[in-house]
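> Okay, sequence plus prediction incoming.
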Amino acid sequence: MTSLRGRLLWGIIGGMIILLLVFSILLYNIIHKALNHRFDASLLSTARMLAAAIEEEGDFESTGQTGKIEFEIDTGRIPEFSDNSAAGFYQLHRQDGQLIARSPSLKDQTLIASEISEKPRYRKILLPGGKPGRSVCIWFVPAEEKTETQFDFAKEQGRLLALVIARDASDLYEQFMFLRLLFTGASAALIGLSVIIGSLVVKTSLKSLNSLAKDIARINVETLGNPLNLAKLPSEMVPVVQKLNDLLDRLKLSFERQRCFTADVAHELRTPLAGIRSTLEVALSRPRELPAYRESMADCLDITAKMQGLVEKLLVLARLDADQMTLTSETFSVTELIDHCWKPFAQAAEKRSIVFKKPIPPELLCRTDKTYLAMALSNLLENAAAYTNTGGTIWTESRIHEGRLEIRIANTGSTLTEDQVNHIFDRFWRADPARTDTGLHCGLGLTLVEKLIHSLNAKIQITSTDGTFSAILVLNNDTNADKI
C-alpha cells in the first residue's frame, strides 16, 4: 500500500477495531462472570439451606447402619419447588446412588450429581421442557458440622449425601445473548463511525499536502526565489519543506549562474569576434600591399588563438564538471614541471622586468596526474605574469609539510581585497568590473585551477596580503606526492 491516505486510514481503523474487540471481549467476560457468579451464589444459598434442613434418624456410631433421611421443612411449600413450578428442581441421593427425594417438577428426569468433592460443583444443564438451566451439587453429612477429616471419614463409611439444585437460567442466557448482540452491534457501529471520522480526519490532515503539491506545481524558472509557505503545514512536514526550499534556492542560484555564464561567454566572444571583423573590414576596404595583408592576418590569428584558449578552458571545465577526465599517476620532478609551465610566459615577463625565483630542491619529486597539475600551474603562472607589477617578483616554493606536498606560487602587485578573494574562483569573475582587459583575460583561469585541484583530491588556498598574491597547492602525500 503506497498511498499515505490509505496507510493512515487503515491504521486508524485497524487500531480502532483491535481496541474495540479487546474492550468488548474483556467487558463481556467481566459481566458474564459477574452474572454467572450471582446466579450460582443464589443456587448455592438454596442448596445449603436445604442441606441444613436434612437430618438422619438413628445412631450410626452404635448400629453401624445409616438411618432414615428426612427434611425438617416441607419442600412442597417452597414456591420454587412446588408441583406447578418449572423454575426450580432438586434431587437428593446417597453416596451409593440410592435416590432419597426429588422435586415433583422433575417428572421422569434425573439431575446428575458431580464427583464427590467438598467444594460445590456447577454445570450448565437442560431442564425438563427443554429450557436451559444451571445446577449446583454439594456433598455433605446430614445434620452435622463437618471438618475435612470428618468428611473424608464419612466418605469412607458411605454416609455422604448428594444434593443437586437446578434452576431455570433462560433469563440469564438471554441476558448473555443480549450482551453479545449489544457489543457486536455497538462495535460495528463504532467501526463504521471510525471509518467515517477517520476518513474526514485523514482528508482534512492531508489538505496541506494537496496545497503543497499545488504550490510546487506553480513553481517555474521565474518563481524559484519564492519559498514555499510553512505557516499552515504540520510540524512533521516543516523539515521536508525547509529542505525543499533550500533545494529551490540552489536551483535558483544554478539558473542565475547559467544565465550569467551564457551572458559572460557571449560577452567574452563578442569582443574578439568584433576585433576579427573590424580587422578584416579594414583590410578589405581598399587594395593594400602584401605586408599589410599579412599584418592583418597575423592580428586575426592572435585574436583567434585567444578565442581558442577560452573555448579549450570551457571544454576542460565541462569535462571536469561531467567527471569525464581520467587521472593517471606518474612520478616527476617538481622543479622541471614548473620550468616547463613558466616557459610560455618568461619572455613577456622579462620585457616588464619581472623577476622569477624558483628556490625548489631538484630532488623533490611529485607523484600525481602530471597533465592536470601542469594545467593548474600554467594558469596560476599565467595569472601571476599578467598581474604582477612592472619590476615586481614572482616566486615559487615547494616542500613536504606534515606529510603533504605543498607548492606555493606568489607574486607582488596584488590589489585584491579580502572580499574579492572570496570570488576569485567564480567563473568569468574579474577584479576589474569594467572589463577593460576583455580579450586578454576571460576570468576562467582560477576557476579551472580549482576544478583541477579538486579532481586531484588536493586543496588550494588563496590569500592577498600586503600587496602579495599567494596560491598554495596542498597534495596528499600518501597518494599524490613522494619525496625520494
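Received the coordinates, thanks. The structure displayed is predicted, hence computed values, not measured ones.
> and residue 384, how many neighbours?
28 (other C-beta atoms under 10 Å). Yep, even glycine has a C-beta here, placed from its N, CA and C like the rest.
> and it, helix, strand or coil?
Here residue 384 is recorded as helix under DSSP: H, G, I helix; E, B strand; the rest coil.
> Please apply the same query to residue 470.
Applying three-state DSSP: residue 470 is strand.
> what does residue 342 give?
helix.
> Roughly how far does it sit from residue 223?
50 Å (C-beta to C-beta, to the nearest Å).
> Name the residue in the two with the higher neighbour count.
Neighbours were counted for residue 342 and for residue 223 using other C-beta under 10 Å; residue 342 has more, 21 against 11.
> ok, that one to residue 107 distance?
129 Å.
> Also residue 224?
From residue 224 to residue 107 the distance is 96 Å (C-beta to C-beta).
> In its sheet, which strands sit next to the helix or strand encompassing residue 394, and in what direction?
Per DSSP states H and E, residue 394 falls inside strand 393-401. Strand 393-401 pairs in its sheet with strand 355-357 (parallel), strand 404-412 (antiparallel), by DSSP bridges.
> how far does the last one sit from the chain's center?
Between the mean C-alpha location of strand 404-412 and the chain-wide mean there is a distance of 47 Å, by C-alpha atoms, centre = their mean, to the nearest Å.
> which residues make contact with that strand from outside it?
Strand 404-412 has contacts (C-beta atoms under 8 Å, 6 or more residues apart in numbering) with 334, 338, 366, 377, 380-381, 384, 387-389, 392-400, 467-477, 480-481, 483.
> In PyMOL, select just the buried ones from those residues.
To isolate the buried ones among those in PyMOL, judged by 16 or more other C-beta atoms under 10 Å, type:
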select buried, resi 334+338+366+377+380+381+384+387+388+392+393+394+395+396+398+469+470+471+472+473+474+475+477+480+481
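> Wait, residue 470 touches residue 463, no?
Yes. Here residue 470 lies in contact with residue 463, judged by C-beta atoms under 8 Å, at a distance of 4.9 Å.
> got a list of what residue 15 touches?
Contacts of residue 15 (C-beta under 8 Å, 6+ apart): none.
> could we number from 59 for the rest of this?
With 59 as the first residue, the last one maps to residue 73.
> In three-state terms, label it for me.
Residue 73 - assigned by three-state DSSP - is helix.
> Tell me the predicted confidence for residue 359.
We have a pLDDT of 90 for residue 359.
> What is the burial count for it?
10.
> tell me the average confidence for stretch 470-487?
77.
> how far out from the middle of the chain is that stretch?
That offset, for stretch 470-487, works out to 43 Å (C-alpha atoms, centre = their mean).
> With stretch 289-302 instead?
For stretch 289-302, the distance to the chain centre is 15 Å (C-alpha atoms, centre = their mean).
> Endpoints of that stretch, how far apart?
Stretch 289-302 has an end-to-end distance of 15 Å (C-alpha to C-alpha, to the nearest Å).
> outside of that stretch, which residues touch it?
263, 266-267, 269-270, 274, 286, 288.
> In helices, which of those appear?
Among the contacts of stretch 289-302, DSSP state H puts 263, 266-267, 269-270, 274 in helices.
> before we move on, back to that, so which of the strands paired with strand 451-459 is the most packed in?
Mean neighbour counts were compared across the strands paired with strand 451-459 using mean count of other C-beta atoms under 10 Å; the top stretch is strand 462-470, at a mean of 21.
> of all the strands paired with strand 451-459, which lies closest to residue 476?
Among those, the nearest to residue 476 by C-beta to C-beta is strand 462-470 (16.8 Å).
> on that earlier part again, as a markdown table, the ones in helices among the contacts of stretch 289-302 with pLDDT would be great.
Putting the ones in helices among the contacts of stretch 289-302 into a markdown table (pLDDT from 0 to 100) gives the following:
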| residue | pLDDT |
| --- | --- |
| 263 | 77 |
| 266 | 79 |
| 267 | 79 |
| 269 | 81 |
| 270 | 81 |
| 274 | 84 |
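> Make a PyMOL selection of the buried ones in the residues you listed.
Only the buried entries of the ones in helices among the contacts of stretch 289-302 go into this PyMOL selection, using 16+ other C-beta under 10 Å:
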select buried, resi 270
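> export the ones in helices among the contacts of stretch 289-302 to a markdown table and tack on distance to residue 378?
Converted to a markdown table, the ones in helices among the contacts of stretch 289-302 look like this (distance: C-beta to C-beta, whole Å):
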| residue | distance to residue 378 |
| --- | --- |
| 263 | 47 |
| 266 | 42 |
| 267 | 40 |
| 269 | 42 |
| 270 | 37 |
| 274 | 32 |
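> about what we covered before: comparing residue 282 and residue 165, which residue is more hemmed in?
Between residue 282 and residue 165, counting by other C-beta under 10 Å, residue 282 is the more crowded of the two (18 against 10).
> could you point out where the stretch 209-358 of the chain is predicted with low confidence?
Low-confidence segments of the stretch 209-358 of the chain (pLDDT under 70): 319, 322-323, 325-326.
> Please, where are all the strands along it?
219-226 (DSSP state E, counting those that start in this stretch).
> and what of the stretch 409-542 of the chain?
413-415, 423-426, 451-459, 462-470, 517-523, 526-534.
> As a markdown table, those strands with distance to residue 381 would be great.
Below are the strands of the stretch 409-542 of the chain laid out as a markdown table (distance: least, C-beta to C-beta, whole Å):
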| stretch | distance to residue 381 |
| --- | --- |
| strand 413-415 | 35 |
| strand 423-426 | 17 |
| strand 451-459 | 28 |
| strand 462-470 | 24 |
| strand 517-523 | 19 |
| strand 526-534 | 19 |
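> out of the ones you listed, nearest to residue 193?
Using C-beta to C-beta, those put strand 526-534 closest to residue 193, at 93.5 Å.
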